[in-house]
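> Structure for this input, please:
(one chain, ligands or ions: 1)
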Amino acid sequence: TARTAQGGNVTGAWEALRDEAMGCQRCPLWKPATQTVFGEGPVDARMMFVGEQPGDQEDLAGRPFVGPAGQVFDAALGEAGIDRATVYVTNAVKHFKFEPRGKRRIHSKPNAGEIDACRWWVEQETMLVQPRLTVALGATAARSLTGRTVTIGRERGRGFELPGGGTGFITVHPSFLLRIDDPARAEDERGRFVVDLRAAAALVV
Ligand code: URA
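Below you'll find the model as predicted:
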């Protein structure tokens with residue numbers, strides 16, 4: 001089994017971290033949310049994917065990327081030849097941020113303060129998993145990993161060195177694909193997403 005540098009059990013350390021995250025109050029988002037949605041996947045994964053924050057369904061299920069964006073993500077991973085069961089999937093922000101609108105809860109973008117407050121968890125997950133490649137899905141994840149504002153269109157699709165060490169990779173967020181109305185353009189962008197994922201996978205073989 002995998003061991004930390006201290007000789008401890010990585011799975012045990014990850015479970016302890018996740019349990020600690022369940023009570024996180026580092027920013028005010030914990031209060032209206034149902035629960036912390038921590039990362040999941042093998043602690044010895046070679047690839048780690050970082051999304052933005054849990055959505056409505058993730059907040060209820062307690063698992064990342066299980067709603068509509070998760071379905072787009074899973075399909076694209078499959079097309080790129082990546083088995084989701086082999087990768088670690090987490091979010092830059094671990095509580096669902098929303099505006100109530102009638103009975104619905106409308107997704108609201110996490111701000112820089114919330115991203116910064118939650119970065120500690122992503123760093124802990126990174127230290128335990130020690131992925132060969134960390135893939136940021138969208139601008140929030142890219143900001144969490146690089147500490148700066150990223151223009152996805154300019155920086156997507158190639159590996160680069162992360163400030164804290166390790167290799168990063170930036171691509172679009174699957175929700176972006178769901179928001180494109182024109183079917184031809186949506187198909188085109190979906191294809192570009194798969195191309196990015198294939199390029200990311202090629203960096204870890
Ligand atoms: N969008 C994200 O960024 N993460 C999730 O877990 C679900 C939707």
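> Going by C-alpha atoms from here, please, whenever you check contacts or count neighbours.
OK.
> Next one, pLDDT for Arg3 please.
Looking at Arg3, its pLDDT stands at 60.
> How about the contacts made by Gly81?
Arg198 (C-alpha atoms under 8 Å, 6 or more residues apart in numbering).
> beta partners for the most centrally placed residue in the chain?
Ranked by distance to the mean C-alpha position of the chain (C-alpha atoms, centre = their mean), the top residue is Val50 at 2.0 Å. Taking DSSP bridges as the rule, Val50 bridges to Thr90, Ala136.
> Isn't it up against Thr140?
No. With contact defined as C-alpha atoms under 8 Å, Val50 does not reach Thr140; the gap is 9.1 Å.
> which residues do the two both contact?
Here Val50 and Thr140 have Ala92 as joint contacts, going by C-alpha under 8 Å, 6+ apart.
> before we move on, back to that, return the distance of the residue nearest to the centre of the chain relative to the ligand.
8 Å (C-alpha to the nearest ligand atom, to the nearest Å).
> what do you get for Thr171?
Distance from Thr171 to the ligand, by C-alpha to the nearest ligand atom: 12 Å.
> Give me the neighbour count for Met47.
Each residue near Met47 was counted by other C-alpha atoms under 10 Å, and the total is 26.
> Contacts only, for it.
Val87, Tyr88, Pro131, Arg132, Leu133, Thr134, Val135, Val204.
> Pull the contacting residues for the residue lying closest to the last one once chain neighbours are set aside.
Looking back up the chat, that one is Val204. Leaving aside its sequence neighbours, Val204 sits nearest to Arg132 (C-alpha to C-alpha, 6 or more residues apart in numbering; 6.3 Å). Shown in contact with Arg132 (C-alpha under 8 Å, 6+ apart): Arg46, Met47, Gly166, Thr167, Val204.
> If anything else comes up later, I'll come back, but that's it for now.
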